[in-house]
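Visitor: I need the structure of the sequence given here:
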Amino acid sequence: ISLEVVNPNAAGIDIGSRSHWVAVGQNAQDVKEFGVYSQDHLELCEWLKKHKVSTIAMESTGTYWQNLFSSLVVYGFDVILVNGRQTKNIKGKKTDIKDCQWIQKLHTLGLLSSSFLPDSTTAIIRTYSRHRQNILKQVSSTVLKIQKYLRLMNMRLDVVVKDIVGLTGTKIITAFIEGEKSGEILAENRHYNCRKSATEIGKALQYNGREDYFFALKQEWETYLHLQKQKDEVDAQIKKYIEQIIDSNDDKKQYIASKKPYKRKNKNTIKGTDMNQLSYQYFEGIDLMAIEGVNDATILTIISEVGLEGIKKFESAKQFTSWLRLAPNNKISGGKILSHHLPKGSSRLKRAFRLAANTIGNLKEGHLNDFFKRINYKKGRATAISATARKLAVIIWNMLVKAQNYNPPKEYLYLDQKRKLKLVNRIKKNIAKFEIKPEDVGFSKTLNIST
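Guide: Model prediction:
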C-alpha cells in the first residue's frame, strides 16, 4: 500500500524551550538544530528558503512556538499548528531528531490538520481577557485568606454578611484595619439592605486581640486592593481596544443596541463598559444579549476566544460544536453505538457556554429553559447543561455566520416585564368596568382597550 505525497516541499519542526529541531527530509543531513533567539529564527527561515520549503508543520508546545510561528508567517511560509496528539510517534526510542522527522513525514503525506488560530485583533483581546481571568482567580484566593484571618480573630463577618468584600464588609474591614476594634462601632457601617441587624453584627465582631493575625489580614487586604486596581486597569484596556476596532470600521459604528435593564451585573463585570452596546456594534448588528442566559462575561469570552472572523472559519455549526467538544463522540462497532460521551477537554469558551446553560436551567420559563427541563427530566442536570450548551453554540453560530437575529418560538419575559403586563391588564379591566372614556382622562384621541 502506497500513500500519496500531498505536500512535497514540507518541513517539520519539533519545538523546544532551548532549541528547535527542523527536518526537511528523512536523511541525517536533512535535520538541523537552531536556537530560540530572534537571530536564530532568521537563520532557520533562510535555511528553509534554501531547501525550497513551502509548507511547515509544528507542534503547539506551551508558548514556545509563538515567536517562531510569527517569524515563519512573515517570511511567507504556509505554517500549520498541530495538536500534539496527532504527532505521537510510534513505539520506540524517542529523540528530538526522530520527532521532527516524524512530523515532516506526516505532513508530507497530508495526515496532519491545522489547529484553530484567531486573527491578530482577537489574539490581543484574548491576552487581556485571559490576564483578567487570572487576576480574578488571585482575587478569589485572597478573599479566602482574608476570611480565614478574620475567623481566627473571632471576627465572624462571614456569618452575618453574604459577601465579606461587599458594601458592608468592605467598610467594616477598612475601619477595622484603620484601628477601630469595637464591634458595636464597626456595626454602624452596616448597609441598609443588609438582612442582619446592627446588634447581631456587633455581636459577631468581637476581636480577640491576636496581633499576628491582624498583621496578616492587613497585608492580605492590601493585596486585595492592589488586585482590584489591576483589574480596573485591564478593564479599561479591553474597553479601549474594542472601541478602537469599532471606530476603525464604519460598518460597525452605525448600530445602536436596545437597552436591557433586566440583565443582571455582578461585581466581576467589566466596570464602566456597556457590553450590550459594544457587542452589538462589534458583531455588526447581531444582538447576542437577546439570548436568555447570555451575559457580559459570555459575550467577552466569545469576542476574546474566537471573534467574529474566527467563528466564520467553521463551515458548519457541527464543526463549531465539535471543536468546542460539545458534540458527542460516538464510538461504533458492529453497527452498535458503544459509547457517546463528550470528548475530554474544556476550553474557556466551552466553560462559558456551560455556565450560560446552567443559568438558563435556573430560569422559570423560556424556549431554552423548556429544552433544558426536557433533557433534565430524561437524563439529569449534568447532561442537560451539556446539551443546552451545545444548542446555545449552534444558535450563536447561526446568528453570527448567517447574520440572523435571535427569534425563539417562545419569548422569555423578565420580572419587571411581567409586572408591567399585569398592570396594563388590570388597568384595561378597570376602564371596561367603570366605562371610562378618553375624555374623562384627558385624551382627545380614541382609546383602544381591546385585548
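Visitor: Any regions of the stretch 51-200 of the chain where pLDDT drops low?
Guide: Where the stretch 51-200 of the chain drops to pLDDT under 70, the residues are 89-93.
Visitor: Tell me which residues touch residue 245, please.
Guide: For residue 245, the contacting residues are 121, 252, 282, by CB atoms under 8 Å, 6 or more residues apart in numbering. For the C-beta atoms, the positions are set from N, CA and C on the backbone; glycine is no exception.
Visitor: Report the buried residues of the strand or helix carrying it.
Guide: Following DSSP states H and E, one finds residue 245 within helix 211-247. Of the residues in helix 211-247, 213-214, 216-217, 220-221, 223-224, 227-228, 231, 234-235, 237-239, 242, 245-246 count as buried by neighbour count, 16 or more other CB atoms under 10 Å.
Visitor: who's in contact with the very next helix or strand once past that helix?
Guide: Downstream of helix 211-247, the first helix or strand assigned by DSSP H and E is helix 250-253. With contact meaning CB under 8 Å, 6+ apart, helix 250-253 is reached by 245, 246, 247, 281, 282, 284.
Visitor: what is the mean pLDDT for helix 250-253?
Guide: Averaging pLDDT along helix 250-253 gives 84.
Visitor: starting at the chain centroid, how far to it?
Guide: Offset of helix 250-253 from its chain centre (CA atoms, centre = their mean, to the nearest Å): 25 Å.
Visitor: All the strands of the stretch 1-150 of the chain, in order from the start?
Guide: Counting by DSSP state E, counting those that start in this stretch, the stretch 1-150 of the chain has strands at residues 10-14, 20-23, 31-34, 55-59, 78-82.
Visitor: got TSV for these, with distance to residue 358 and mean neighbour count too?
Guide: Below are these laid out as TSV (distance: least, CB to CB, whole Å; neighbours: other CB atoms under 10 Å):
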stretch	distance to residue 358	mean neighbour count
strand 10-14	41	27
strand 20-23	43	24
strand 31-34	47	18
strand 55-59	35	24
strand 78-82	32	18
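Visitor: Is it possible to get a markdown table of those strands that adds distance to residue 71?
Guide: Listed next are the strands of the stretch 1-150 of the chain as a markdown table, based on distance: least, CB to CB, whole Å:
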| stretch | distance to residue 71 |
| --- | --- |
| strand 10-14 | 11 |
| strand 20-23 | 11 |
| strand 31-34 | 11 |
| strand 55-59 | 11 |
| strand 78-82 | 10 |
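Visitor: of those, which approaches residue 180 most closely?
Guide: Residue 180 lies closest to strand 78-82 among the strands of the stretch 1-150 of the chain, at 56.9 Å (CB to CB).
Visitor: Most neighbours out of the contacts of residue 245, which is it?
Guide: The residue in the contacts of residue 245 with the most neighbours, by other CB atoms under 10 Å, is residue 282 (23 neighbours).
Visitor: Distance from the helix holding residue 245 to the middle of the chain?
Guide: Helix 211-247 sits 19 Å away from the centroid of its parent chain (CA atoms, centre = their mean).
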